[in-house]
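Asks: sequence? don't have it. structure:
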């Protein structure tokens, strides 16, 4: 048994030269030695490895690769698509919090801000604010005319192209039209910044910029007349009145040889075009004719 | 491991792996079946199994996987041929100084006897014996390759030597 183990060790190159000598003395190992010697000269058939590889690739190349790769990419695309959809959805849900309200001609809209402040948008106006940051900064952008009833709280800022209006808690009307900027305070205190000049308005006071001339005005109403479906004017140029008529009634007003810079004081209703046109034209001694949606103002005497 | 370059699915890496092992793998298959063409077929099949499952096979175990696959293929009813191996050309005789014709003839006869004796070994004995003799593998390496214990390898080797000796001395 010991001898057999030694032979195994011999073939496994684990025996020292001395051990081999001892082993050979103990038994006739000629045959085994010859076996050991000649068997190691045997060779297996040589393979041309590169040729075999080419043959292998021609057999296997297309099928399994497409299988494996396409599977991987499919899952990658699936995951990518899901991530994109989730990101997009969460973006709209959490980040895109800019709110925008727009009114068309002859339309008013009443809305409530996140802090319970009330806004009434007059015709052809738009209001934009960020819902997310509203808690920290009550900041909004106005294009057109709106009446604000602001809840008490932090500074409330209305940005317009013509100037900035800041309040703490109050009621006020902002009107920003072409060449016209008007702020009227109905309650509390309002600060108006126009071209780096600040004016503070108390209750019943107004601030008006027409064609770059600043004018302070008094007001006795409790709320702007337009919120009760009329427009009131106090020494306002006719072209501003015409513009307001166009906004409230979706009409085009043309004028023939009339001084549009003459001043108008009065009120017109938003509910009846004829009544409104009469309220404007009679005091100014103007006639008008209606053709479709076009109204032409002309001088009384001419006809 | 996740390194893309060391991935079996990578074409270049696979080619390297193929070139490195194709000769040993086909020797291994040849010791079992004795037919060169058939041996190569088995090897190609085994490689294509690895290629198909490239993403599932651990790179470090790919070699074992290759030899195990070939080994398993032979368990599935493979037709055996008589395994006859050729001697290398210019193979020296044991006693290189002895050039007498009697001695040379005797040695040539011995070589033929050895070939025949190897051919009638059992498959298990033959593969162990040839892996040890031709490729110089230790029993431990053979055990790893065949997925059997080292004791089993030694037993097969022992049996192979006994069988060879008997056949050569008796004939």
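Replies: Great, that's in hand. Keep in mind that this is a model prediction, so the values were computed, not measured.
Asks: neighbours around residue A:262, how many?
Replies: 12 (other CB atoms under 10 Å in any protein chain shown). The way it works is simple: take the backbone N, C-alpha and C, and place the C-beta from them, glycine included.
Asks: for residue 13, helix, strand, or coil?
Replies: In the absence of a named chain, this looks at chain A. Here residue A:13 is recorded as coil under DSSP: H, G, I helix; E, B strand; the rest coil.
Asks: What pLDDT is listed against it?
Replies: Note for residue A:13: predicted pLDDT of 82.
Asks: Return the distance of it relative to chain B.
Replies: 8 Å (CB to the nearest CB, to the nearest Å).
Asks: immediately after the lowest-mean-pLDDT helix or strand in chain A, which helix or strand?
Replies: For chain A, using mean pLDDT, DSSP states H and E, the weakest element among its helices and strands is helix A:62-90, scoring a mean of 71. For helix A:62-90, the following helix or strand on the C-terminal side (DSSP states H and E) is strand A:98-102.
Asks: And for that next one, what's in contact with it?
Replies: Strand A:98-102 has contacts (CB atoms under 8 Å, 6 or more residues apart in numbering or on different chains) with A:109, A:111, A:121, A:125, A:126, A:127, A:128, A:129, A:130, A:131.
Asks: Of those, which is the nearest to residue A:236?
Replies: residue A:125 (18.1 Å; CB to CB).
Asks: right, and the closest one touches residue A:103 too?
Replies: Yes - using CB atoms under 8 Å, residue A:125 is in contact with residue A:103, at 5.3 Å.
Asks: which one of those two has more residues nearby?
Replies: Counting neighbours by other CB under 10 Å for residue A:125 and for residue A:103 shows that residue A:125 has the greater number, 24 against 20.
Asks: Just list the residues touching the more buried one, thanks.
Replies: Going by CB under 8 Å, 6+ apart, residue A:125 touches A:102, A:103, A:142, A:143, A:144, A:145, A:146.
Asks: Once you drop chain neighbours, what's closest to it?
Replies: For residue A:125, ignoring the flanking residues on the chain, the nearest one in space by CB to CB, 6 or more residues apart in numbering or on different chains is residue A:144 at 2.4 Å.
Asks: Confirm the one you found sits in a strand?
Replies: Yes - counting by three-state DSSP, residue A:144 is located in a strand.
Asks: neighbours around it, how many?
Replies: Residues lying near residue A:144 (other CB under 10 Å) number 19.
Asks: Please look at it and residue A:124 and confirm they touch.
Replies: Yes - counting by CB under 8 Å, residue A:144 touches residue A:124, with 5.9 Å between them.
Asks: quick check, nearest of the contacts of residue A:125 to residue B:135?
Replies: Closest approach to residue B:135 among the contacts of residue A:125 (CB to CB): residue A:102, at 85.4 Å.
Asks: how about low-confidence regions in the chain?
Replies: Let's take chain A. A:1-2, A:61-73, A:94-96, A:301-303 (pLDDT under 70).
Asks: um, chain B though
Replies: Residue ranges of chain B with pLDDT under 70: B:1-6, B:76-83, B:88-91, B:171.
Asks: Against chain A, how distant is the residue nearest the centre of it?
Replies: In chain B, the centroid-proximal residue (CA atoms, centre = their mean) is residue B:28; its distance is 2.9 Å. Residue B:28 sits 9 Å away from chain A, going by CB to the nearest CB.
Asks: Check chain B for its longest helix and report it.
Replies: Assignment by DSSP state H gives helix B:11-33 as the longest helix of chain B.
Asks: What residues of it count as buried?
Replies: B:13-14, B:17-18, B:21-33 (16 or more other CB atoms under 10 Å in any protein chain shown).
Asks: immediately after that helix, which helix or strand?
Replies: Counting by DSSP H and E, the next helix or strand C-terminal to helix B:11-33 is helix B:36-52.
Asks: Was I right to think residue B:7 contacts residue B:13?
Replies: Yes - with contacts counted by CB under 8 Å, residue B:7 reaches residue B:13, the gap being 6.1 Å.
Asks: Can you spell out the domain ranges of the chain, please?
Replies: No chain was given, so I picked chain A. As assigned by automatic domain parsing, chain A contains the domains A:2-39, A:49-95, A:97-226, A:229-303.
Asks: sorry, should have said chain B
Replies: B:4-75, B:101-170.
Asks: quick one: terminal-to-terminal distance for the shortest one?
Replies: With CA to CA, to the nearest Å as the measure, the ends of domain B:101-170 fall 23 Å from one another.
Asks: got the end-to-end distance for stretch A:143-155?
Replies: End-to-end for stretch A:143-155, by CA to CA: 20 Å.
Asks: Can you mark which positions in that stretch are buried?
Replies: Applying 16+ other CB under 10 Å to stretch A:143-155 flags A:143, A:144, A:145, A:146, A:147, A:148, A:149, A:150 as buried.
Asks: Give me the contact list for that stretch.
Replies: So stretch A:143-155 is contacted by A:103, A:115-127, A:136-138, A:156, A:158, A:160-161, A:166-177, A:223-224, A:226-227 (CB under 8 Å, 6+ apart).
Asks: among these, which are in strands?
Replies: Judged by DSSP state E, strands contain the following of the contacts of stretch A:143-155: A:118-121, A:126-127, A:138, A:156, A:158, A:166-167, A:171-177.
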